[in-house]
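In: Using only what follows, build the 3D model:
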Amino acid sequence: MDTLELLKKARSGDRVARNQLVEQNVGLVWNIVKRFHGRGYEADDIFQIGCIGLIKAIDHFDLSYDVKFSTYAVPMITGQIKRFLRDDGMIKVSRTLKENGWKIHQAGER
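Out: Predicted coordinates for the structure are as follows:
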C-alpha cells in the first residue's frame with residue numbers, strides 16, 4: 001500500500017495504517033536525529049521525541065497539498081526535537097539567547 005492510501009486510512013482512524021506509516025518513516029526520523037548528535041542527550045531519547053513529531057505530521061498532513069509526505073514531515077520532526085532541546089531544563093533561557101549561543105559555538109568550531 002502506498003503512502004497516500006495509508007495517510008487516507010490513518011486520517012479516518014485506522015490505527016494499523018498509522019502504525020505502518022510510522023514504521024515506514026523510522027529511517028527518516030533517524031536521519032534527522034543524526035543532526036542533533038552531541039547535544040547532551042542520548043540518540044534514543046531524541047529519536048522518541050522525533051517519533052512524536054512524525055505522529056503529529058501523520059495526523060496533520062493535508063492530502064490536498066501537492067507535496068510528498070516526507071517533505072512535510074521533516075520540518076515537523078525537526079521542530080519537535082528543537083522544541084524539546086530548547087525547553088528542557090530547570091532554567092528557561094529565551095530562544096534568541098540559545099540561538100545566539102549556538103551560533104557562537106558553531107563559529108568557534110570553524
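
In: Can I get the lowest-mean-pLDDT helix or strand in the chain in CSV, CA atoms only?
Out: None of the helices or strands of the chain scores lower by mean pLDDT, DSSP states H and E than helix 95-109, at a mean of 85. The C-alpha trace of helix 95-109 is given here as CSV (Å, rounded to 0.1, in the frame of the first residue of the first chain):
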residue,chain,number,x,y,z
ARG,A,95,15.0,31.1,22.3
THR,A,96,17.0,34.1,21.0
LEU,A,97,19.7,33.7,23.6
LYS,A,98,20.0,30.0,22.9
GLU,A,99,20.2,30.6,19.1
ASN,A,100,22.9,33.2,19.6
GLY,A,101,24.8,30.8,21.9
TRP,A,102,24.6,28.1,19.3
LYS,A,103,25.9,30.4,16.5
ILE,A,104,28.8,31.4,18.7
HIS,A,105,29.5,27.7,19.4
GLN,A,106,29.4,26.9,15.7
ALA,A,107,31.7,29.8,14.8
GLY,A,108,34.2,28.7,17.4
GLU,A,109,34.4,25.3,15.8
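
In: Point out where the protein drops to low pLDDT.
Out: 89 (pLDDT under 70).

In: how about the strands in the protein?
Out: For the chain, applying DSSP state E gives no strands.

In: Who's the closest spatial neighbour of the residue sitting nearest the centre point of it, skipping the chain neighbours?
Out: Nearest residue to the geometric centre of the chain (C-alpha atoms, centre = their mean): Ile77, 1.1 Å. With sequence-adjacent residues excluded and distances taken as C-beta to C-beta, 6 or more residues apart in numbering, Ile77 is closest to Gly53, at 3.7 Å. The C-beta positions use only the backbone N, C-alpha and C, and glycine is treated the same way.
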